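Trainee: Just the structure for this:
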Amino acid sequence: MHYKEKYNLWLNSPIIDRETKQELLDIQGNEKEIEDRFYKDLEFGTAGLRGKIGAGSNRMNKYTVGMATQGLANYICKKGEEAKKKGVVIAYDSRRMSSDFALHAALVLCANGIKTYLYKQMQPTPILSFSIRELGTISGIVITASHNPPEYNGYKVYWSDGAQVSPPMDREIIEEVSRVKGFEDIKKTDEKEALEKGLLLYIDEEVVSRYIEKVTNLCINKSLIEKYGKELKVVYTPLNGTGNKPVRRVLKELGFEHVFVVPEQELPDPDFSTVGYPNPEDKKVFALGIELAEKHDADLIIATDPDCDRIGVVVKNKEGEYVALSGNQIGALIVYYVLSGLEAQGRLPENSYIVKSIVTSELGRVIADSFGVATMNTLTGFKFICGKVREIEERDPGKTYIMGYEESHGYVVDDFVRDKDGVIASMFMCEMAAWYKSKGMTLYEGLIDLWEKYGYYADKVKSIQMEGREGMERIQQLMNNLRDAQLKEVAGIPVVRIEDYYQGEAYNLEDGSTERIDFPVSNVLKFYLKDNSWFSVRPSGTEPKVKFYFSTVGSSLQEAEAKNEKLIKAVDDMI
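Mentor: Sure thing, here's the model as predicted:
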């Protein structure tokens, strides 16, 4: 259907409410805006929905949320009455329309006879993951757009193990969603009726308390915190999102007495007025935190994104300046601290493993190797990281999972949460800072110590934003061009291996051999160079941009960074 036909369909539909129609009338005459809102349906992809909030088929609104939820409801109903009784748990973040979308999804599920547990207040994504297994539900939904700009919202679906749905289940749910052809297919009820029938249940604080207890029990050196927790000074910002209460509660219960919260970013603000783009990967979000840290001479600054599944960290370097740690650096520090701590206490299991994504630095793997711990690689995203945990549980229950992480600032330790967890990561960063403080070291000095032990790694990520239909076409053309280029060398260094995760093949350029890659199909390319450098390219799964990852290794930080800059320039020139 042409975008203009869909626009008029929405305007004339008796199901669409007056407020939505007025929003559409307000853009009459703006053909580019109308086209962008209606040239496609907001795709229910392998991670659910994500898009700008507004009226239109290519926007997040109660109608697109309703259609997605009806598709999920149809899928659950086909699983039988027991699945409907187990039900679905729903959480949401601090964004615009999040609580409305959450209630709307709950009422669609209830109208389909599916028991639904709904949080009354906003909660982090990791608590949603925990709640699924804690309540024994068949599925879970979280309404969030994570760290996207304020005009976005999203909808992620989880299954009974607490992880995001992964292949082949994600495709099966997508097929059910695609069969919901119109608004008239969406079943409806109201809140009062759903409560009276016992189909809608609001979740009490007890579930959150059980989660907090589990997190604090992960602490490796509680006795150390009893002393150095009183000395460590931490600045924390939830970036106006869901992390404020759980992160502060965990740190307080463990004994960290000097936690200073950035006041302008403490309470919910769906506009994220102080930062605009609430991404803890970006040092700009730390401006107010650094001001507060300088005032209190803080040891470290922690930020969690709006749904508190990612974490950013700023620490003092040797010159006393506050510097941001990359996602790879944070991950390497946590890997080393957790494995060395468990080994020192005789609690590191044999036949254990960690999981990381294919675009994450190899430093974590090198560290894990030194402890006799295996490393499993997956595609980008915790649906694949925690999906790998599920796969290994079923295939080889003798193996023990320790933690999973990826370069985009996502980390989780243990398996009672099956998604990245900013609460757990915040706790470990504070515990680790206290541990290094007990040795007369800062966290930054701890990172230098890792480099000196395992090699100096420089890892950078570069993104190119490409909005709208034209942007999608340009991204696809870029990937096709790189795929067809048959690169032999980059920055003067021979290419020795190319992995194409869309074709599912790896090409060894030294001996001409080809091998299959046993991964789900994904539009990702990875190029390995003869000097152990590599770079990878992939379209973002959640934002209109293409991402480039660059990794180099050197005998010093200066050498590694110089090689990285040279590699980035060569790829820039090439594209």
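
Trainee: can you give me the strands in the stretch 151-300 of the chain?
Mentor: Assigned by DSSP state E, counting those that start in this stretch, the strands in the stretch 151-300 of the chain fall at 152-159, 200-203, 233-237, 258-261, 300-304.

Trainee: To Ala458, which of these lies closest?
Mentor: strand 300-304 (21.9 Å; CB to CB). Backbone N, C-alpha and C define where each C-beta goes, glycine included.

Trainee: CA-only coordinates of the helix or strand following that closest one, as PDB, when you get a sec.
Mentor: Where DSSP states H and E defines the elements, the next helix or strand beyond strand 300-304 is strand 311-316. The C-alpha trace of strand 311-316 is given here as PDB (Å, rounded to 0.1, in the frame of the first residue of the first chain):
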ATOM      1  CA  ILE A 311      26.900   1.500  32.500                       C
ATOM      2  CA  GLY A 312      29.500   4.100  31.800                       C
ATOM      3  CA  VAL A 313      32.500   4.800  34.100                       C
ATOM      4  CA  VAL A 314      34.800   7.800  34.500                       C
ATOM      5  CA  VAL A 315      38.000   7.500  36.700                       C
ATOM      6  CA  LYS A 316      41.100   9.500  37.500                       C
END
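
Trainee: name the helices or strands packed onto strand 311-316?
Mentor: Helices and strands touching strand 311-316, by 3 or more CB pairs under 8 Å, 6 or more residues apart in numbering; DSSP states H and E, are helix 287-296, strand 300-304, strand 322-324, helix 422-438, helix 443-454.

Trainee: at 6 Å instead, please
Mentor: For strand 311-316, the elements it packs on are strand 300-304, helix 422-438, judged by 3 or more CB pairs under 6 Å, 6 or more residues apart in numbering; DSSP states H and E.

Trainee: Tell me which of those is the most buried.
Mentor: Scoring the helices and strands packed on strand 311-316 by mean neighbour count under mean count of other CB atoms under 10 Å gives strand 300-304 as the most buried, with a mean of 28.

Trainee: that older thread, out of the strands of the stretch 151-300 of the chain, which gets nearest to Glu343?
Mentor: In terms of CB to CB, the element of those nearest to Glu343 is strand 300-304, at 24.4 Å.

Trainee: can you give me the angle the closest one makes with helix 443-454?
Mentor: If you take axes from the mean of the first three to the mean of the last three CA atoms, to 10 degrees, strand 300-304 sits at 90 degrees to helix 443-454.

Trainee: Nearest to Gly198, out of the helices and strands packed on strand 311-316?
Mentor: helix 422-438 (31.3 Å).

Trainee: now the lowest-mean-pLDDT helix or strand in the chain, how far from the chain's geometric center?
Mentor: Lowest by mean pLDDT, DSSP states H and E among the helices and strands of the chain is helix 468-484, with a mean of 86. Taking CA atoms, centre = their mean, to the nearest Å, one finds the center of helix 468-484 at 24 Å from the center of the full chain.

Trainee: same check, this time on stretch 11-23
Mentor: Its chain's C-alpha centre and that of stretch 11-23 lie 34 Å apart, by CA atoms, centre = their mean.

Trainee: Residues in contact with the least confident helix or strand of the chain: which ones?
Mentor: Asp36, Tyr39, Met466, Asn523, Leu525, Pro539, Pro544, Val546 (CB atoms under 6 Å, 6 or more residues apart in numbering).

Trainee: Buried by neighbour count, from these: which ones?
Mentor: Neighbour counting with 16 or more other CB atoms under 10 Å marks Asp36, Tyr39, Met466, Asn523, Leu525, Pro539, Val546 as buried within those.

Trainee: where does the closest residue to the fourth one other than its chain neighbours fall, phi/psi-wise?
Mentor: If I follow you right, that is Asn523. Excluding its sequence neighbours, the residue lying closest to Asn523 (CB to CB, 6 or more residues apart in numbering) is Tyr502, at 4.9 Å. Main-chain dihedrals, Tyr502, degrees, to the nearest 10: phi -80, psi -40.

Trainee: What residues of the helix or strand hosting Gly404 count as buried?
Mentor: Here Gly404, judged by DSSP H and E, is contained in strand 400-406. Neighbour-count burial for strand 400-406 flags Tyr401, Ile402, Met403, Gly404, Tyr405, Glu406 (criterion: 16+ other CB under 10 Å).

Trainee: residues making contact with the following helix or strand past it?
Mentor: Using DSSP H and E, the helix or strand that follows strand 400-406 in sequence is strand 410-413. Strand 410-413 has contacts (CB under 6 Å, 6+ apart) with Leu218, Arg310, Ile334, Val338, Phe382, Met403, Gly404, Tyr405, Lys420, Asp421, Ile424, Ala425.

Trainee: which of the residues you listed has the weakest pLDDT?
Mentor: Least confident of the contacts of strand 410-413 in the model: Phe382, at 94.

Trainee: isn't that one right up against Asp419?
Mentor: Yes - look at Phe382 against Asp419 with CB atoms under 6 Å: they come within range, at 5.0 Å.

Trainee: still on that earlier bit, winner for burial among the strands of the stretch 151-300 of the chain?
Mentor: Buried most deeply of the strands of the stretch 151-300 of the chain, by mean count of other CB under 10 Å, is strand 300-304, with a mean of 28.

Trainee: the strands in the stretch 1-150 of the chain, which residues?
Mentor: 49-52, 88-92, 116-119, 139-143.

Trainee: Dump the ones you listed into TSV; add mean neighbour count, distance to Lys437 and mean pLDDT as well.
Mentor: TSV is the format used below for the strands of the stretch 1-150 of the chain (neighbours: other CB atoms under 10 Å; distance: least, CB to CB, whole Å; pLDDT from 0 to 100):
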stretch	mean neighbour count	distance to Lys437	mean pLDDT
strand 49-52	22	40	93
strand 88-92	29	35	98
strand 116-119	23	36	98
strand 139-143	29	35	98
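
Trainee: Just put the helices and strands packed on strand 311-316 in JSON lines and tack on distance to Lys187.
Mentor: Putting the helices and strands packed on strand 311-316 into JSON lines (distance: least, CB to CB, whole Å) gives the following:
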{"stretch": "strand 300-304", "distance to Lys187": "36"}
{"stretch": "helix 422-438", "distance to Lys187": "35"}
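
Trainee: And those: which comes nearest Ala47?
Mentor: helix 422-438 (17.9 Å).

Trainee: what packs against the closest one?
Mentor: In terms of contacts (3+ CB pairs under 6 Å, 6+ apart), helix 422-438 is packed against helix 222-228, helix 244-254, strand 300-304, strand 311-316, strand 410-413, helix 443-454.

Trainee: Any regions of this structure where pLDDT drops low?
Mentor: Residues of the chain that meet the criterion pLDDT under 70 lie in 46, 541-542.

Trainee: How is it partitioned into domains?
Mentor: 40-203, 211-454, 457-574 (automatic domain parsing).

Trainee: Mind putting the ones you listed into JSON lines with distance to Asp17?
Mentor: Listed next are the domains of the chain as JSON lines, based on distance: least, CB to CB, whole Å:
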{"stretch": "domain 40-203", "distance to Asp17": "8"}
{"stretch": "domain 211-454", "distance to Asp17": "21"}
{"stretch": "domain 457-574", "distance to Asp17": "27"}
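
Trainee: Lys32 is nearest to which of those domains?
Mentor: The minimum distance between Lys32 and those falls on domain 457-574, with 8.5 Å, by CB to CB.

Trainee: Can you measure across the closest one, start residue to end residue?
Mentor: Using CA to CA, to the nearest Å, one end of domain 457-574 lies 24 Å from the other.
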